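# Pasted the sequence and its predicted model underneath.
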Amino acid sequence: MVLFSQIACLVAIVCLGVFVFKKYPIQLQLREMVLASLFVVLALVVSYFSIMIPLFGFPSLKLSLSQIPLMCLGILLGPSYAFIAGVIYDVLGLLVNPTSFPFLGFTLNNILVAVIPALWYQYKHSKQSILTISMVVGVVSTILFITYLWTYTNTAEFIS
């Protein structure tokens with residue numbers, strides 16, 4: 001089941017990448033690359049200043065502001081840079097703070113945190129239906145994930 005979720009996340013990442021880079025081709029300029037790298041490093045630094053809130057005796061709720069620099073990057077530089085920054089942020093996060101085996105669902109989450117505000121900003125300025133598409137994808141993926149968790153029978157294996 002874990003392999004299925006990894007494959008599903010990989011397919012979602014590839015499809016989102018094809019859509020973003022086809023619709024918004026990247027224009028490599030030094031100013032934008034430096035700005036993107038600064039936002040990614042800022043997000044990594046801010047991620048260390050998080051608060052763990054215990055719920056039911058376990059530290060299970062993590063409050064962090066590390067997504068805000070990624071969202072700002074997406075709005076300022078566009079969806080292409082946001083996609084790349086989401087991937088780089090996840091890879092650097094795994095290198096700086098290795099916790100376990102990399103899960104592509106977290107990578108997809110970091111990409112979506114950066115790309116959705118970028119698409120929303122582009123939608124507001126170009127009047128296309130990108131926001132509707134991203135919302136539909138988000139709702140469908142959330143429903144699929146909740147269904148997967150609801151039908152999962154062996155919770156001990158899921159947690160470990």
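Arrived safely.

# Pick out the residue nearest the middle of this protein.
For the chain, the residue nearest the mean C-alpha position is Asn110 (1.8 Å; CA atoms, centre = their mean).

# could you say which helix or strand contains it?
Here Asn110 sits within helix 104-126, counting by DSSP states H and E.

# average pLDDT for that helix?
Averaged across helix 104-126, pLDDT comes to 84.

# Tell me which residues are up against that helix.
Contacting residues not belonging to helix 104-126 are listed as 5-6, 9-10, 12-13, 16, 20, 24, 67, 70-71, 73-75, 77-79, 81-83, 85-87, 89-90, 93, 128-131, 134, 138 [CB atoms under 8 Å, 6 or more residues apart in numbering]. Just so you know, the C-beta spots here come from the backbone N, C-alpha and C atoms, and that holds for glycine as well.

# If we use 6 Å, what do you get?
Contact with helix 104-126 is made by 6, 9-10, 12-13, 67, 70-71, 74-75, 78-79, 82-83, 85-86, 89-90, 130-131, 134, as judged by CB atoms under 6 Å, 6 or more residues apart in numbering.
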